[in-house]
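> A structural model of the following input is requested.
(chains A and B)
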Amino acid sequence: MTATRSSRWLIGTGLALLCAVWIYPFLWLVSGSLKTNPEIFGKGLNLLPEAPVWENYSRAWSEVGFSSYMLNTVLITLGTVALVIMRSALAGYVLGRYDFVGKKVLIGVFLVTFFLPEGYTIIPVTQLTDQLGLLNSHLGVVLGLGAGGHAAATLLYAGFFRTIPKDLEESARMDGAGPLTVFFRIMLPLAKPITVSVFILQFLAAWNAYLLPLVFTLSHPELRTLAVGMSAFVGENDTDWAGMAAAAVLSLAPVVAVFVVLQRQFVESLAGAVKQ
Amino acid sequence: MTVTTEAPVRQKAPAPAPKRRTVWRRMRDDWWIYLFLLPTVVGYGLYTVYPLVASWWYAFLDWPGFADVGTFIGFANFELLWADDLFWNSFRNSLVFLAIAVPLRVGLALLLAIVLNRRSTPFRGLFRTLLFLPVVTTGAIVGVVFTLILDAGGPVNLALVKSALVDSPVDFLGSSGMSLYSVIGVWVWKWLGITLIYWLAALQTIPNELYEAARIDGAGNWKEFRYVTLPLLLPFLVVITLIDMVGALNVFDLVMTLTGGGPAFSSEVVEVYIYRTAFGATVPQLGYASAAAVLFGLLTMALAIAQALGIRAARRAMA
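Have a look, this model is predicted:
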């Protein structure tokens, strides 16, 4: 009994130490964002600032242009998430429940392109967006991030809709409801757990995207997202460490907040994906 | 994220079809199905399938950026690429990245998952959450933050010097011998949490009765792991490794912000090479960069096929 109890504490302490090291970068970042510039590197390992310097945040917000980066990121993320949910729910519904000409081909295409790395498609995608006249616009980035790819989301919906009994929509059809009504009134609300999963995964992917927004906004700095703007800030201004730390905290905060609020669903949706 | 693509359960046997409809008839009756598929087919066609095909076409063009079109030059890009030391350097870096970072991430995550899966471990949920936190953060921003943390005057070096583990600060990102490995370290730190969740999900599929049976048969911790856990985890190992390998080929954000591929190209992976050639150079070479992308794509495809075969073999071994 004592042996197991002490081993319990040993494991607990070990894990606690590991976790402390693990999140240390974030603690350091938050503390740095409240220090003065000389204090960040001068004060050694001390995490507590002498007196919190809140001006770092106002400076990051106004001078760096973070408010516009933030707005761009929010618009692009929400647009991408909405686009992916809409198109994968619609496609997943018919893929999961109906047989139709061309179904096998469609699934085959999904499989072949499932793991296509972004670096492989970036050049043609940029050319295409340019030809559509959408380069350097929010819509261009949204389409670039959300119109293709994400076969996993479609297959998640298909897997879910396959499990729903047929009589449900048949009786609705009897009452004269068209396919769109059935889908929006009955099927989509039923799929809420999948929608939550897809929302979470897409939110994360779009908010954190870097390569595509970087390339698309190369000649239009005012359209930069947080991820792109932040790294540009470093290039243009490599002495204001405190301002940079504050800017980093500001750009990480929303995604961390979403994680904290939706934590349980987060973990479940990931776990569900691998169990399939 | 295995892809389950068995066709939906076929309740009706194909033989006694009530009324045979021609293909055209069926397509006309099912018009609304195609309406539902329209956004996906158009979007996927333009933004995934077309780029896949177009890359191959671009690879045969001499296409200096900003020109409207390229000129066909046959295999010249591939010939140049073949002799391009910097391309092979980035290719090698990508492979080194894969070979070191993926086993590290998969292995460490499994170890932690086994500890966190034990009922006796205290604060399991809290530890899991903390280890997962870096996953949700923005790679590009994490990269920037780590340039400070790994700086000669940053906290890591301060701790190392103070504890007398090293005499002078380690140049993690600025020395060509260290840069790639530092990026690997940050990458493993950032993404370990998600692999941990995968492993925990995998461990939870193992029924408790199996462990109880093993206990009754007198198996210790190690034997239990070796003869119960490990064989049942094998199929998951293949899937999780595949997911992590694809992740290891998408490291543009971290490499770009941590080292920019330097110093002296020592941490330049293929993605960064493509970006530099296509968008970052003074004279962008779209055709040449596409040729590099095509070779890179072939590599990933080969990996995916090898994995698919691996999954099949593992499933057979299980059956």
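
> Could you use CA atoms for every contact and neighbour count after this?
Fine.

> show me what contacts the residue nearest to A:Ser137 when sequence neighbours are not counted?
Among residues not flanking A:Ser137 along the chain, A:Leu223 sits closest, at 7.2 Å (C-alpha to C-alpha, 6 or more residues apart in numbering or on different chains). Listed by C-alpha atoms under 8 Å, 6 or more residues apart in numbering or on different chains, the contact partners of A:Leu223 are A:Ser68, A:Tyr69, A:Asn72, A:Asn136, A:Ser137, A:His138, A:Thr217.

> who wins for most neighbours among these?
When neighbours are counted by other C-alpha atoms under 10 Å in any protein chain shown, A:Tyr69 leads those with 23 neighbours.

> Now the helix or strand encompassing that residue: buried residues?
A:Tyr69 belongs to helix A:66-97 when assigned by DSSP states H and E. For helix A:66-97, the neighbour count (16 or more other C-alpha atoms under 10 Å in any protein chain shown) marks A:66, A:68-70, A:72-97 as buried.

> and those near chain B, which?
Restricting the buried residues of helix A:66-97 to those touching chain B (C-alpha under 8 Å from any C-alpha of the partner chain) yields A:Arg87, A:Ser88, A:Leu90, A:Ala91, A:Val94, A:Gly96, A:Arg97.

> Stretch A:232-248 spans what distance, first to last residue?
12 Å (C-alpha to C-alpha, to the nearest Å).

> if we can go back for a sec, and the furthest pair within the contacts of A:Leu223?
A:Ser68 and A:Asn136 (14.7 Å; C-alpha to C-alpha).

> Kindly report the residues of the stretch 51-200 of chain A close to chain B.
Going by C-alpha under 8 Å from any C-alpha, the residues of the stretch 51-200 of chain A near chain B are A:87-88, A:90-91, A:94, A:96-97, A:100-101, A:107, A:111, A:113, A:115-125, A:143-144, A:147-149, A:152, A:155, A:159, A:162, A:179.

> so where's the chain shaky on pLDDT?
Answering for chain A, as no chain was given. In the predicted model of chain A, residues A:1-3, A:42-45, A:64, A:234-238, A:272-276 satisfy pLDDT under 70.

> Chain B is the one I meant
In chain B, residues with pLDDT under 70: B:1-21, B:66-67, B:317-319.

> ok now do the closest residue to A:Ser88 other than its chain neighbours, which residues does it touch?
Excluding the flanking residues, the one nearest A:Ser88 by C-alpha to C-alpha, 6+ apart is A:Thr154, at 4.3 Å. Applying C-alpha under 8 Å, 6+ apart, we find A:Thr154 in contact with A:Arg87, A:Ser88, A:Ala89, A:Ala91, A:Gly92.

> what's the helix or strand for A:Thr154?
Assigned by DSSP H and E, A:Thr154 falls in helix A:151-162.

> how far off helix A:66-97 does that helix point, in degrees?
40 degrees (axes from the mean of the first three to the mean of the last three C-alpha atoms, to 10 degrees).

> Same question for helix A:151-162: list its buried residues.
Here helix A:151-162 shows A:Ala151, A:Ala152, A:Ala153, A:Thr154, A:Leu155, A:Leu156, A:Tyr157, A:Ala158, A:Gly159, A:Phe160, A:Phe161, A:Arg162 as buried, counting by 16+ other C-alpha under 10 Å.

> what does stretch B:167-179 give?
B:Pro169, B:Val170, B:Asp171, B:Phe172, B:Leu173, B:Gly174, B:Ser176, B:Met178, B:Ser179.

> Ends of it, what's the gap?
19 Å.

> same check, this time on stretch A:89-103
Start-to-end, stretch A:89-103 (C-alpha to C-alpha) is 16 Å.
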